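> quick one, fold the following:
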Amino acid sequence: MGQVEPSTPLWHAINVVLGYDWFTYVRQRAGRNAAHGALIPDEADRLLKEASEISFMAGMSAAAFDRKPLEYEVVAMKEAKRKRGAASGQASNNKRAARVAAFWSEIEALADLFPKMTEERIVAQAFENAVANDPDLWRQGKGQMEAYLSDDIRSTEPYKSQYYALFQKTP
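Below is the predicted model:
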């Protein structure tokens, strides 16, 4: 027969039943004072302690049954938090990708001005245009032009090769 995991509701219930069985066995076998028909003081003390322990075990058992749904709720809350975090991260990544795409389209729109305007001025103007065209998209990231430029446009494809092709310096 398998082991019962300690401190589970089943474990507590088994201990209550076993404690009660022991209590009734001891009570039946307890010595009696022949003159009064009462328990011998030592036996009475022992039975009282046994009854107290059974009562405590029953309380622990009830608490374990009450606690179990709470433990399930905690696990469910942690899982929901993890899912919200993952969804939030995905939404954040999607918005960043949309901001990079908007920034890139503005760079492409102004690229014909190169070399009349410097690369830095075209990029700065493109960023200003992108923010002005869709302020809701740019509620975050307005002050991060250099981050979008270096982390996304100059560093990752498909923007990287197109960026350097647009701003290719000719002798």
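
> and residue 135, how close does it get to residue 75?
Going from residue 135 to residue 75 by Cβ to Cβ, to the nearest Å gives 42 Å. Heads up, the C-betas are built off the backbone N, CA and C, glycines and all.

> and if you look at residue 104?
43 Å.

> who has more neighbours, these two?
residue 104 (20 against 10; other Cβ atoms under 10 Å).

> so, low pLDDT: which residues of the protein?
Low-confidence segments of the chain (pLDDT under 70): 1-2, 4, 7-13, 19-41, 43-44, 47-48, 57-58, 60-72, 169-171.

> how about the helices in it?
Using DSSP state H, the helices of the chain run over residues 9-29, 41-110, 119-133, 145-147, 159-166.

> what sits up against stretch 134-141?
Residues outside stretch 134-141 that contact it (Cβ atoms under 8 Å, 6 or more residues apart in numbering): 95, 96, 98, 99, 102, 130, 131, 147, 148.

> of those, buried ones?
96, 99, 102, 130, 131, 148 (16 or more other Cβ atoms under 10 Å).

> which of these lies closest to residue 116?
Residue 116 lies nearest to residue 130 out of the buried ones among the contacts of stretch 134-141, by Cβ to Cβ, at 20.8 Å.

> these two touch, right, the closest one and residue 98?
No. Using Cβ atoms under 8 Å as the test, residue 130 is too far from residue 98 to be in contact (10.4 Å).

> adding distance to residue 49, write the buried ones among the contacts of stretch 134-141 out as JSON lines.
JSON lines is the format used below for these (distance: Cβ to Cβ, whole Å):
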{"residue": "96", "distance to residue 49": "68"}
{"residue": "99", "distance to residue 49": "72"}
{"residue": "102", "distance to residue 49": "77"}
{"residue": "130", "distance to residue 49": "79"}
{"residue": "131", "distance to residue 49": "78"}
{"residue": "148", "distance to residue 49": "74"}
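
> burial of the nearest residue to residue 152 once chain neighbours are set aside, as a residue count?
Excluding the flanking residues, the one nearest residue 152 by Cβ to Cβ, 6 or more residues apart in numbering is residue 100, at 4.5 Å. Residue 100: 19 surrounding residues under other Cβ under 10 Å.
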